[in-house]
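Q: Here you go, sequence then predicted model.
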Amino acid sequence: QVQLVESGGGPVQAGGSLRLSCAASELTFSSFHMGWFRQAPGKAREFVAAISRIYTTYYSDSVKGRFTISRDNAENTLYLQMKSLRLEDTAVYYCAARRLGGSYSRVEDYTYWGQGTQVTVSS
């Protein structure tokens, strides 16, 4: 059974940094495109960042220049380094795995999802 387990979330002050991790098991990690999404209370889940099988990266405009997505295929782990955090970055962050095809930013195109990790940015 495929599992994606996020970790690294928590409380942080505005301007601070966090690094999220997503450990994958029971899937051929290197064969999947991976992404990070987030969902704030009362809002739809939104795209944050994605990394392809060949390490091409994509970012939403709201995080570009502040967040960095990376992957370690040897460790079956996805990362999201977040810097200069803002109040509006507060959300549950999810990692997701996508097979070939589809769009890197569409929730519907991702097959597997983690349970999420809460990031809370305070002033």
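A: Thanks, I have it.
Q: Which helix or strand contains the most centrally placed residue in the chain?
A: Per C-alpha atoms, centre = their mean, the C-alpha nearest to the average position across the chain is that of Trp36, at 2.1 Å. Here Trp36 sits within strand 33-39, counting by DSSP states H and E.
Q: That strand: which residues count as buried?
A: Buried residues in strand 33-39, defined by neighbour count with 16 or more other C-beta atoms under 10 Å: His33, Met34, Gly35, Trp36, Phe37, Arg38. Bear in mind the C-beta positions are built from the backbone N, C-alpha and C, glycine included.
Q: got those residues as a markdown table, with distance to Arg106 and pLDDT columns?
A: Listed next are the buried residues of strand 33-39 as a markdown table, based on distance: C-beta to C-beta, whole Å; pLDDT from 0 to 100:
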| residue | distance to Arg106 | pLDDT |
| --- | --- | --- |
| His33 | 12 | 97 |
| Met34 | 14 | 98 |
| Gly35 | 9 | 98 |
| Trp36 | 14 | 98 |
| Phe37 | 10 | 98 |
| Arg38 | 15 | 98 |
